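[1] Output the structure for:
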Amino acid sequence: MHLDHPETMPQRHTHSAEPLRADGTRRALRVGLGGPVGSGKTASVAALCRTLREGWSIAVVTNDIYTREDAEYLLREAVLPPERITAVETGACPHTAIRDDISANLEAVEHLEETLRPLDLVLIESGGDNLTATFSKGLVDQQIFVIDVSSGDDIPRKGGPGITTADLLLINKTDLAPHVGADLATMATDAKRQRGDLPVIFTSLTSDDGIRDVADWITAHLTEWHHKAAA
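    Okay, here's the model as predicted:
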C-alpha cells in the first residue's frame with residue numbers, strides 16, 4: 001500500500017510547501033536522490049557537495065538498511081565537515097524510510113537544521129532501491145532519480161514512477177556506453193517518451209565537471225527558493 005495516497009491512509013508527516021517555518025525563518029530546500037543499487041547516487045552527492053559547498057550551506061542525510069556505509073564514504077571523501085553528514089539505518093527496504101514512514105529522515109533533517117541553521121540545502125540520499133522508489137512529498141521538495149547506462153539502454157523505457165515522475169532524471173556513467181553497447185540516443189528518446197517535458201541530464205562523473213548541469217539545476221531551484229522566502 002502506498003501511504004502517500006490520502007484515499008488509502010492519511011500521510012503521517014507533512015511540511016509546508018513554503019520556504020518559511022512557522023516562526024518566520026527560512027528552512028532549507030530538501031532534494032532527494034534515489035535510484036537502483038550502483039547507479040552512482042553517493043558519488044553524485046559527493047560531487048554535488050564539492051561543487052556547491054562554496055556558495056551554499058549544505059548538509060546530507062544518507063539511508064542504508066543496516067549500515068552507515070554511504071555516510072562513511074562521504075566522510076572519508078571529506079566533501080563536507082562531519083557535523084553536516086548524518087545517516088539513517090532504515091532496517092528495511094530504503095523506500096520505507098523515504099516514502100512510507102519518513103519519521104527517521106524528518107528527525108535527521110530537523111536536527112541538522114536546528115544545529116546548523118541557516119542551511120540552504122539538504123540532500124537526502126536513498127539506499128539502493130528499484131524503479132518504483134519515490135520520495136514522500138512530506139520529506140523532499142525536489143526529487144532526482146539516478147540510473148546508469150551500464151544497466152542497459154532499455155532502462156528508461158521500462159518506466160516506473162522514479163523514471164516517469166521524478167523532477168529530474170539523471171542518466172549516469174555515459175563514459176561506459178561504448179563498453180556496454182548502450183545507445184545514448186535511444187536512451188534519450190525513450191526518456192523523453194516516458195517523461196514528456198520533465199528534464200533529463202546525461203552525465204559522467206569521471207569528467208572534470210561532470211556534475212555541473214545537475215548542480216546548475218539545483219542552484220536554479222535554490223535561487224527560486226530564496227526569492228520565494230524573501231517575497
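[2] For residue 147, list the residues it contacts.
    Counting by Cβ atoms under 8 Å, 6 or more residues apart in numbering, residue 147 makes contact with 35-36, 39, 155-156, 163, 169-172. For every residue, glycine as well, the C-beta is placed using N, CA and C.
[3] May I have the secondary structure class of it?
    strand (DSSP: H, G, I helix; E, B strand; the rest coil).
[4] Now do it against residue 174, distance only.
    Taking Cβ to Cβ, to the nearest Å as the criterion, residue 147 is separated from residue 174 by 11 Å.
[5] Just the element for residue 122, please.
    Per DSSP states H and E, residue 122 falls inside strand 121-125.
[6] May I have the phi/psi pair for residue 230?
    Phi and psi for residue 230, reported as degrees, to the nearest 10, are phi -80, psi -10.
[7] hmm, back to that, let me know the closest of the contacts of residue 147 to residue 57.
    Proximity of the contacts of residue 147 to residue 57 (Cβ to Cβ) peaks at residue 170, which lies at 23.1 Å.
[8] pLDDT below threshold where in this protein?
    1-17, 22 (pLDDT under 70).
[9] so where do the strands sit in it?
    Along the chain, the segments classed as strands by DSSP state E run 29-34, 58-64, 85-89, 121-125, 142-148, 168-172, 200-202.
[10] Reformat the ones you listed as CSV; add distance to residue 178.
    Shown next, in CSV, are the strands of the chain (distance: least, Cβ to Cβ, whole Å):
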stretch, distance to residue 178
strand 29-34, 26
strand 58-64, 32
strand 85-89, 35
strand 121-125, 29
strand 142-148, 14
strand 168-172, 15
strand 200-202, 14
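[11] between the ones you listed, which gets nearest to residue 135?
    Closest among the strands of the chain, using Cβ to Cβ: strand 29-34, at 3.9 Å.
[12] To residue 180, which of the strands of the chain lies closest?
    Closest among the strands of the chain, once you apply Cβ to Cβ, is strand 142-148, at 9.6 Å.
[13] neighbouring strands for the closest one, and are they parallel or not?
    Strand 142-148 pairs in its sheet with strand 29-34 (parallel), strand 168-172 (parallel), by DSSP bridges.
[14] In space, not sequence, find me the middle residue of the chain.
    Residue closest to the mean C-alpha point of the chain, counted by Cα atoms, centre = their mean, is residue 33 at 1.7 Å.
[15] Tell me how far that one lies from residue 168.
    Distance, residue 33 to residue 168, using Cβ to Cβ: 9 Å.
[16] what do the two both touch?
    Residues touching both residue 33 and residue 168 (Cβ under 8 Å, 6+ apart): 143-145.
[17] for the residues you listed, which one is nearest residue 223?
    Distances from residue 223 to these, taken as Cβ to Cβ, are shortest for residue 144 (17.3 Å).
[18] quick one: contacts for the closest residue to residue 62 other than its chain neighbours?
    Once flanking residues are discounted, residue 62 sits nearest to residue 70: 4.0 Å by Cβ to Cβ, 6 or more residues apart in numbering. Residue 70 makes contact with 41-42, 45, 62-64, 87, 125, 127, according to Cβ under 8 Å, 6+ apart.
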